[in-house]
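# Here's a sequence, model it:
(chains A, B and C)
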Amino acid sequence: MVSSRHSHDGPADRAGREPRKGFSRRTFIEGVGIGAGAVGALGEPGRAQAAGAEVLGPDPVPITLNINGKNHDLEVEPRVTLVDALRNSLDHTGAKKVCDRATCGACTVVLDGSPVYSCTMLAIEAQGRRIETIEGLSTDDATMHAVQSQFVEHDAQQCGFCTPGLVMAGKAIVDSNARPSMAEVESGLSGNICRCGTYVGARKAVYEAARGGTA
Amino acid sequence: MKNFEYIAPTDTLVATQALSAEPGVTTVLAGGTDLVSLLKQGIETPTRVVSLRNIAALRGISKSGGGLRIGAMATVDELLASKAAAPYRSLQAAARGITAPQVRAVGTVVGDLLQRPRCWYFRNGYGLLAMQDGESLVPNGENRYHAILGNKGPAYFVSASSFGPALVSLGATATVAGPEGERRVSVADLFRTPASASERETSLMPNEIVTEINVPSASGWKTSTYEVRQRQLLDWPLATASVAVRERGGRVSDARVVLGHVAPTPWRSSEAETALQGKSLGEDAGAEAGKAAVAAATPLSQNKAKVQLAAVAVKRAVAMAA
Amino acid sequence: MATKYDWPAADDRSLIGKRHTRVDGPAKARGVAKYSYDRNLDGMLYARLVISTVPHGRIIGIDTSTAERVPGYKGHVNIVNVGDEVQWVGSEILAICADTEEHARDAAAAVAVHFEALPHWVKDEDVKKAGEANRVQPAKDDTKGPEMAEAWASADETIEGYYGLGIITHCCLEPHGQVVDWTDDEITVYASTQAVARIPADLARGLSRDESIGDVSADAVHVITPYMGGGFGSKFNIDTWGVACAKLSKLTGKPVKLMLDRDEELMVAGGRPSDYGNIKVGAKKDGTLVAYESETWSTGGIAGRGSPPLPYVYNNEERLAQRARHLNVSTNIGPARAWRAPNHPQAAVLTMCPLEDLAAKLDMNPVDFFKKNADLTARPEVYRYEIDKCAEMIGWSEKWHQRGDSGSGPVKRGLGMSLHTWGGRPHDSTCEVRIQPDGGVSVNLASQDLGVGTYTTLSVVAAETLGLQIPDITVNIGSSKLPVSGASGGSTTVGGTTASTRRATVNALEELKAVVAEALEVGAADLVAKEGKIFAQSDESKSLSWGDACRKLGTRTITGQGKQPDREGGKLNDSGVGGVQMADVSVDVETGIVTINKLAAVQDVGLVVCLAQCESQVYGSLIQGIAYALYEESVYDQATGKMLNPDMEFYKLPGAGDIGELEVHMVQNKYDDRGVIGIGEPPVISPGAAISNAVANAIGVRVPTLPLTPDRVLAALENA
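Below you'll find the model as predicted:
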């Protein structure tokens, strides 16, 4: 189900921590009544608003995600994770949902330059961050990123379901380290699991990609 | 995952006021690597999630007085990159033990302290005390990863924190904010062993937030952390030890030895500390301290190996500190 | 007898046996390969399973009333009904769907199922206790070979020991599941499957059992699986969730996605049986094996499973006295599914480990011992060659030492080895190759690529046959509307599909040659297709480029048919291979932690089609072997009956830094005339035994059961 409303070009919306204008602004004060008075009353309403204390959800909330340099507007419940927003709302299905518990790395995306598990990040929390997904690394086979072409060169994939996560982890390695040792490559891939057993190729691919191998 | 409302204030006080004083109604979100899993698992079912991501005051790692201030939102990566934190070798080693870059990038040091136990009964929905029909499932069940110390029941889980032992050994304190104001507590006292199902594994009130950790200067201290881990892949250690020692004339004059993954809290071993007193640091002193650390261990039906692993962790941590 | 279909001679191969990049490599590396889980169809609904929370019970109530009021709820179908029994935690009860994934989860969570609890049992290793619980059935007692008592009397040395390995699960990264779109025209199924051609009939049968649905023809079902994220033997059937997903699609009139959650995947959609046993082996002073006796037991769930082939590899029935007894333990856990080389990894542990223990007792170097007894195997020459080659790769003669003689210091190093065999008879396959007037060539068959390289091997076969290059070929697989080809299991795919493709391509080329012969005014038999041209051997100036040759077809398309088996189609494949693996490990005897320094593998597979992908299968097997040797095991709790680690955190698999150095040698140009033989299973058989043997060599004692976790290693050291 592709439910992306629209996308527009633009830099990462770093001020996007505030909910976008136009959304019904239910303030924190209105929200304090939950749990039959369970939440303490707030002394100064003005301060609450100044402190960005707006209660969002549980119904869908409009959010903006900056993915591969493009802003995407969508509406999601606050509980929706980044991987589910990418896959279910934006049809960015490169990131895979495998363990769904911050262990296997198949959902890895790069957030402000660092690899992260998109399965344990709420989509609403990814606003204002620069999100890179596997889809952003190439437009066709001829424009593959060095890590991608080295994965092909070293046959670093079998079923391929872990591959996008490994490629994104590999990209984060080569972006931050021009000449990683093999030990540094292994360490950088220590948040990713492959079941078919493609690590031999994956290690070589990342190592060579950093050293300028493009194909 | 139960649906919830979400709030991300820019102010700590507002955040604490957005939290319920009643347990289980609201929860605090930092890096999310543990919390979001707990939400998916239905183990945490808050109606409101309070995110700390917009509170600038909670960020960063810096020198503070003679020591170190670690903000609640400071990540493991920030700790590894911080010049101010570089002298704290035991913290650095604990940080490197979290081998997945994806966790280090968003996971916070404070989140590591406050993560829920990894006990598989707990994670499968049997509660923190793993009870079924009024009895704990652990003593006669699958307890290979459970506690060998402080395990007289009803709690048998182990604290999963990587930084807890090191911070306790360094004498660190936590600043805790609540709707009524701030208090300070030692990191050691942040942890507790629940005595009943109504208690949690920390001493925090449901509407309290740890805002920062303060670590005293490590100047003059030799510190180290050794983790017994089976894999280089992201993995839970089987036992760890952090030590902080001071020497006078080549002999140990002060020692703090804290074990991890062996008890429901980071486990400070006065026996091991006593064993180190007056010794010169090295394998032999480490071996004695290791032996002392587990002398009172009471392994369960399947976790006898952890007694040995804990002793080895102490031995190697002491040797590394030398 | 030579035929036109035979594989080209070694010096006439430009592509076969060489290193190529994977045809589907870029799509996978770029993340654009669409798996079943990735299908997002217009209006698609999301479905979840409701599963049993008890290990054994009778369903006394299913209440969906609250679930039906959950926002977004669209429908549900029962998989079992009130009164039915469930036999394991995770057993499928119903499927429910909603407009979003989150709402589907809400709805599933709102279903209340009530059970009457019945007695359960989930433990297998302690066979005595299982017997007391009335869970043990004798399954086999076979005696073969020379008279047993005489054989034992002739033995100079014997060992008796306990060995075993626990239950593991497939843990396919793409979970089981599918998207089903049931329209008036067709039931389209995007299934994550190893059996594209088999699923239509399987689904039709499953649906037709439901009277409210009535007869469904297999022809109405179209299965589409261009990519699938791992199967390893667990994805041959549509399963209850596939049938339920189709019913939900019919019920709602919308496409429905139902993929298992990770815990469901690990609890019910995979499972390799355990095996434990007491083994006794005897030999003469010179190392000649004379007798082998095993008493083994295992569980594969409630219905049990087949017994492992014991003794393994060393099983000559004329010369080795042998008795194999097996007991089945019935447990309330998710039923076993075929796991790569079913029963063989277990058999390797239960044979090669006792054999190395016996060699150690005889003070023999295992290399000499295994070679000496090679005549007890089905292929002595192959194994002797492979043992020598593998020993060279791992540095056996320099590094090997007597058991336990590994110096002071806490880290001990050791070497171990194991042998294996597998059949891999090619499956049936039909293929249609089309040559278009514009020069396009397509290979069409309802096969599938599990990640083994089917796209690449078939491209190579067609390109080699036509004198073209890999990019000139389009391989169409992964659709049940294509000519029928077998399920991918048991290392049967590469042999079956390359044969049908070779025959179809040769037949298509014959037709093209006839057209070209007329145009060039030469005899068709004089023509060869090579280097992008078709030319006369007698006069190479009589030549057409591939494109020009195809243009001569005018508007006609050539279709060549090929099949496997085909008695007149030449000898293109075979079955039965041998392999040898050796392990070099370090063991920290203070922590019990085992690390892999190196694994070496030598493998015979007849004619190698694509060397890089063939090697990848072996690398992957070694890594899966490291996983079950050192890390992974399904942990079941007797009190709750639950699998406690249906996750990827405590269901431990190795990472890129946990595998050491791996070296693979494919035996090429030695057995090529046997034709193509499958590679999926054989190399995954030996790692467990080889690693266990290396640990025994390092620390001087046998760690009886796998995985070789620190607690097991320390316990073995303590008990020594």
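# can I assume C:Ala629 sits in a helix?
Yes: per DSSP: H, G, I helix; E, B strand; the rest coil, C:Ala629 lies within a helix segment.
# Now the residue with the largest distance to the centre of chain C: closest residue in space that isn't a chain neighbour?
In chain C, the residue that sits farthest from the middle, by Cα atoms, centre = their mean, is C:Glu521; the gap is 51.0 Å. Leaving out its chain neighbours, the residue that sits closest to C:Glu521 by Cβ to Cβ, 6 or more residues apart in numbering or on different chains is C:Lys542, at 7.7 Å. Where C-beta positions appear, they are placed from N, C-alpha and C, glycine not excepted.
# hang on, isn't that neighbour packed against C:Leu520?
Yes: under the criterion of Cβ atoms under 8 Å, C:Lys542 makes contact with C:Leu520 at 4.6 Å.
# okay, the two: which has more neighbours?
C:Leu520 (22 against 18; other Cβ atoms under 10 Å in any protein chain shown).
# Which residues are in contact with that one?
By Cβ atoms under 8 Å, 6 or more residues apart in numbering or on different chains, the contact list for C:Leu520 reads C:527, C:536, C:542-544.
# A:Tyr117 now?
A:102, A:105, A:107-108, A:191, B:33, B:102-103, B:106.
# run the last query once more with 6 Å
A:102, A:107, B:102 (Cβ atoms under 6 Å, 6 or more residues apart in numbering or on different chains).
# and if you look at B:Ser269?
Counted by Cβ under 6 Å, 6+ apart, B:Ser269 has contacts B:257, B:293.
# Then B:Val28?
B:50, B:209.
# Dihedrals phi and psi, it?
Backbone geometry at B:Val28, expressed as degrees, to the nearest 10, gives phi -100, psi 130.
# State the pLDDT value of it.
Listed pLDDT for B:Val28 reads 98.
# and if you look at C:Glu264?
98.
# In three-state terms, how would C:Asp106 be classified?
Applying three-state DSSP: C:Asp106 is helix.
# Can you get me a residue count around it?
21.
# same question, B:Gln308
The number of residues near B:Gln308, taken as other Cβ under 10 Å, comes to 25.
# now the one 10 residues further on
Burial measure for B:Val318: 32 neighbouring residues, criterion other Cβ under 10 Å.
# roughly how far apart are the residue of chain B most remote from its centre and B:Asn3?
Farthest-out residue of chain B from its mean C-alpha position, per Cα atoms, centre = their mean: B:Gly249, at 32.8 Å. Separation of B:Gly249 from B:Asn3 (Cβ to Cβ, to the nearest Å) stands at 64 Å.
# and if you look at C:Ile159?
62 Å.
# Stretch C:284-303: end-to-end distance?
End-to-end distance for stretch C:284-303, by Cα to Cα, to the nearest Å: 40 Å.
# if you average pLDDT over it, what comes out?
Mean predicted confidence for stretch C:284-303 is 97.
# Go through it and flag the buried ones.
By neighbour count with 16 or more other Cβ atoms under 10 Å in any protein chain shown, stretch C:284-303 contains the buried residues C:287-302.
# And those residues, which is closest to C:Gly233?
Nearest to C:Gly233 among these is C:Gly300, at 12.6 Å by Cβ to Cβ.
# ok, back up a step: among the contacts of A:Tyr117, which are in helices?
Here DSSP state H is the test, and the contacts of A:Tyr117 give B:Gln102 as lying in helices.
# Out of the contacts of A:Tyr117, grab the one that's most surrounded.
Using other Cβ under 10 Å as the neighbour criterion, B:Gln102 leads the contacts of A:Tyr117 with 34 neighbours.
# Is it correct that that residue is in contact with A:Ser190?
No: contact criterion Cβ atoms under 6 Å: B:Gln102 and A:Ser190 do not qualify, at 9.3 Å.
# what residue ranges in the chain score low on pLDDT?
Going with chain A. Low-confidence segments of chain A (pLDDT under 70): A:1-52, A:214-215.
# can you list the residues of it near chain C?
Neighbours of chain C within chain A, by Cβ under 6 Å from any Cβ of the partner chain: A:1-2, A:77, A:88, A:91, A:93-94, A:98-101, A:103-104, A:134, A:138, A:141, A:148, A:151-152, A:155, A:157-164, A:186, A:189-190, A:193, A:195-197, A:199-200, A:203.
# Give me the buried subset of those residues.
Among the residues of chain A next to chain C, the ones that count as buried by 16+ other Cβ under 10 Å are A:1, A:77, A:88, A:93-94, A:98-101, A:103-104, A:134, A:138, A:148, A:151-152, A:155, A:157-164, A:186, A:189-190, A:193, A:195-197, A:199-200, A:203.
# secondary structure class for B:Tyr156?
B:Tyr156 falls in the coil class when you classify it by three-state DSSP.
# what sits against it?
B:138, B:146-147.
# got it, and B:Arg89?
Applying Cβ under 6 Å, 6+ apart, the residues near B:Arg89 are B:223-224.
# Show me which helix runs longest in the chain.
Assuming you mean chain A. Per DSSP H, chain A has its longest helix at helix A:163-176.
# should've been chain C
Longest helix in chain C by number of residues (criterion: DSSP H): helix C:493-520.
# average pLDDT for that helix?
Helix C:493-520 comes out at a mean pLDDT of 98.
# so after that helix, what's the next helix or strand?
Downstream of helix C:493-520, the next assigned helix or strand under DSSP states H and E is strand C:527-530.
# residue of chain C with the smallest distance to chain B?
Going by Cβ to the nearest Cβ, chain B is nearest to C:Gly655 of chain C, at 2.8 Å.
# Report how many residues lie close to that residue.
C:Gly655 has 27 nearby residues by other Cβ under 10 Å.
# What helix or strand is it located in?
For C:Gly655, there is no host helix or strand (DSSP H and E).
# That one touches B:Leu234, doesn't it?
No: judged on Cβ under 6 Å, C:Gly655 makes no contact with B:Leu234 at a distance of 7.5 Å.
# where exactly do the strands run in the stretch 151-300 of chain B?
B:173-178, B:181-186, B:209-215, B:222-228, B:239-248, B:251-260, B:267-268 (DSSP state E, counting those that start in this stretch).
# who's C:Thr474 bridged to?
Residues in a beta bridge with C:Thr474, per DSSP bridges, are C:Ser442.
# C:Asn444 is in contact with that one, correct?
No: taking Cβ under 6 Å as the definition, C:Thr474 is not a contact partner of C:Asn444, at 8.9 Å.
# Among those two, which residue is more densely surrounded?
A count of neighbours by other Cβ under 10 Å puts C:Asn444 above the other of C:Thr474 and C:Asn444, at 23 against 16.
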